[in-house]
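> sequence first, predicted model second:
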Amino acid sequence: MPSATNTTTTTAPPPHTLTLPHAVIATLAPSAYLLAHLHPSTPSTPPTRPSNRTPSTFRPPTCATGSLTHCAGSAVVRVGDTAVVCGIQAEILLARDIADPPRDCTDAEQLARLQLLVPNVELATGCSPSHLPGGPPSGEAQVLVQRVNGLLHSSGVVEVEDLRIKYVRPRAGDEEDEEEEEEKEDREESVAYWTLYASIHVLSLSGSSSLIDVAWAALLAALKDVRLPKAWWDADLERVVCSDRLAETRKLQLRGRPICCTWGVFVAGKTQIGMQSGEEQDAQVKTLKDGSKAWLLADPDDFEDPLCRETITLTVDASTATTIVLRVEKSGGGVLAMQDMKQLIGPATKRWKEWTNVLG
């Protein structure tokens with residue numbers, strides 16, 4: 001009889017697939033990683049960002065005032081992983097110590113020439129790997145100081161009348177009859193001014209382009225928290241005397257409530273996007289002439305910020321019936337046209353309302 005043969009069947013092992021963690025992919029190919037979120041392969045999948053935000057979503061803000069007990073006003077503001085603390089110190093500037101007092105100028109010009117508002121920004125606190133503690137002031141900090149200082153004066157949020165310390169000269173003679181208000185104003189003079197020094201310290205930084213939003217909000221919240229003591233001119237001592245009673249302190253009468261809103265523009269070329277077609281449903285996406293696409297990313301974080309070739313910051317104030325655009329700052333390219341920037345006023349107004357609810 002023929003012998004039985006044993007037949008063995010072998011199966012090939014499954015092909016080995018290499019999988020990498022998301023953090024590794026984001027480090028090796030950050031642009032492709034961000035594009036995969038904003039332009040998913042499945043049309044039914046909505047575009048998101050690595051932070052699980054939509055392109056038009058801002059990070060929620062938080063604010064706490066009165067955190068620094070030895071300041072006239074202070075605030076700590078946090079947006080995502082960006083945290084900023086602002087403390088304001090008030091000092092008295094005597095009018096007789098002004099070498100060349102300004103005359104025949106507006107209140108805004110007088111405020112700037114007397115330098116009654118002095119902001120300073122400190123980034124060398126170890127807030128990010130590129131800002132080591134103890135180092136010299138960086139160029140980024142100096143630029144931010146100029147932007148904050150310019151906005152502080154152009155917006156007119158603080159009026160010079162709030163910073164005056166006045167003195168009414170006594171009338172000549174012993175007449176005690178009631179005088180007219182106009183006559184009293186003629187004898188009234190500004191003998192001193194309050195000078196506000198605002199120190200803005202960045203404790204944690206996640207997104208350099210949107211740092212102006214958080215720094216300005218911290219400064220605005222600290223200004224709202226400022227309480228100036230009652231001060232008057234003592235003619236016998238020939239000096240300004242301040243009251244130590246908390247009940248006699250007063251707050252600043254801020255004018256308006258300007259808020260900064262920043263967007264970044266991420267551009268992907270036609271070869272990066274691939275052969276996928278179809279109309280974009282998101283208003284934050286713009287198709288360029290060469291076939292590439294540009295995404296408007298609200299409040300870019302630390303991962304998205306280096307990938308955005310263009311940034312735009314709108315400073316708006318919606319405290320009146322209509323939204324007022326106080327300043328437009330744009331840098332880095334020409335993707336956004338004038339019409340594109342006009343469409344950002346609506347989202348900026350919504351962001352203003354969100355900030356207003358937080359700042360109070």
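Sure thing, it's come through. Numbering: from 1, shown residues only.

> look up the closest residue to Ala124, ignoring the ones flanking it.
Gly135 (4.5 Å; CB to CB, 6 or more residues apart in numbering). C-beta here means a position set from N, CA and C on the backbone, and glycine is covered the same way.

> roughly how far apart are the one you found and Ala141?
Distance of Gly135 to Ala141, computed by CB to CB, to the nearest Å: 10 Å.

> now swap in Ala231 and tell me
Ala231 is 33 Å from Ala141, where distance means CB to CB.

> check Trp352 too.
From Trp352 to Ala141 the distance is 26 Å (CB to CB).

> show me which of Gly135 and Ala141 is the more surrounded one.
With neighbours defined as other CB atoms under 10 Å, Gly135 and Ala141 compare such that Ala141 has more, 18 against 12.

> got a list of what the more buried one touches?
Residues counted as contacts of Ala141 (CB atoms under 8 Å, 6 or more residues apart in numbering) are Val121, Glu122, Leu123, Ala124.

> look up phi and psi at the last one.
Recorded main-chain torsions at Ala124 are phi -80, psi 60, according to degrees, to the nearest 10.

> give me the common contacts of Gly135 and Ala141.
The contact sets of Gly135 and Ala141 overlap at Ala124 (CB under 8 Å, 6+ apart).

> which pLDDT value goes with Arg59?
pLDDT, Arg59: 96.

> contacting residues for the residue most central in space within the chain?
Centrality entry for the chain: nearest residue to the mean C-alpha point is Asp213, 1.6 Å, by CA atoms, centre = their mean. Counting by CB under 8 Å, 6+ apart, Asp213 touches Val79, Ile259, Cys260, Cys261, Thr262, Asp299, Thr313.

> doesn't it fall inside a helix?
Yes. Judged by DSSP: H, G, I helix; E, B strand; the rest coil, Asp213 forms part of a helix.

> returning to that earlier point: check what pLDDT the residue nearest to Ala124 gets.
In this model, Gly135 is scored at 78, pLDDT.

> now name the helix or strand holding it.
For Gly135, there is no helix or strand it lies in under DSSP states H and E.

> over to the one 5 residues further on?
Take DSSP H and E as the rule and Glu140 turns out to sit in helix 139-154.

> measure how far that helix is from the centre of its chain, please.
The chain centroid and the centroid of helix 139-154 are separated by 11 Å under CA atoms, centre = their mean, to the nearest Å.

> which of the residues in it are buried?
Buried residues in helix 139-154, counting neighbours by 16 or more other CB atoms under 10 Å, are found at Glu140, Ala141, Leu144, Val145, Arg147, Val148, Asn149, Leu151, Leu152, His153.

> again with stretch 249-267
For stretch 249-267, a neighbour-count test (16+ other CB under 10 Å) marks 252, 254, 257-267 as buried.

> export that stretch as CSV, just CAs?
Presented in CSV, the C-alpha positions along stretch 249-267 are these (Å, rounded to 0.1, in the frame of the first residue of the first chain):
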residue,chain,number,x,y,z
THR,A,249,-9.9,105.6,47.3
ARG,A,250,-11.3,105.9,43.8
LYS,A,251,-11.2,103.9,40.7
LEU,A,252,-10.3,105.0,37.2
GLN,A,253,-13.1,106.0,34.8
LEU,A,254,-11.9,104.0,31.8
ARG,A,255,-13.2,105.0,28.4
GLY,A,256,-14.4,102.1,26.3
ARG,A,257,-13.2,98.5,26.5
PRO,A,258,-10.9,97.7,23.6
ILE,A,259,-10.0,94.0,23.0
CYS,A,260,-7.4,92.4,20.8
CYS,A,261,-8.2,89.4,18.6
THR,A,262,-5.5,87.6,16.6
TRP,A,263,-5.7,85.1,13.7
GLY,A,264,-2.9,83.1,12.0
VAL,A,265,-2.9,82.1,8.3
PHE,A,266,-1.8,78.6,7.5
VAL,A,267,-1.1,77.9,3.8
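
> all helices of the stretch 151-300 of the chain, in order?
Ranges of helices in the stretch 151-300 of the chain, per DSSP state H, counting those that start in this stretch, are 181-186, 211-225, 270-273.

> by how many degrees do the second one and helix 139-154 diverge?
Here helix 211-225 runs at an angle of 50 degrees relative to helix 139-154 (axes from the mean of the first three to the mean of the last three CA atoms, to 10 degrees).

> only alpha carbons, please: show helix 211-225 as PDB.
Extracted C-alpha coordinates of helix 211-225, given in PDB (Å, rounded to 0.1, in the frame of the first residue of the first chain):
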ATOM      1  CA  LEU A 211       0.400  87.100  23.200                       C
ATOM      2  CA  ILE A 212      -0.800  90.600  22.600                       C
ATOM      3  CA  ASP A 213      -4.300  89.500  23.200                       C
ATOM      4  CA  VAL A 214      -3.500  88.100  26.700                       C
ATOM      5  CA  ALA A 215      -1.100  90.900  27.700                       C
ATOM      6  CA  TRP A 216      -3.500  93.600  26.700                       C
ATOM      7  CA  ALA A 217      -6.400  91.900  28.500                       C
ATOM      8  CA  ALA A 218      -4.200  91.600  31.700                       C
ATOM      9  CA  LEU A 219      -3.300  95.300  31.500                       C
ATOM     10  CA  LEU A 220      -7.000  96.300  31.000                       C
ATOM     11  CA  ALA A 221      -8.100  94.100  33.900                       C
ATOM     12  CA  ALA A 222      -5.400  95.600  36.100                       C
ATOM     13  CA  LEU A 223      -6.400  99.200  35.100                       C
ATOM     14  CA  LYS A 224     -10.000  98.300  36.100                       C
ATOM     15  CA  ASP A 225      -8.700  97.100  39.500                       C
END
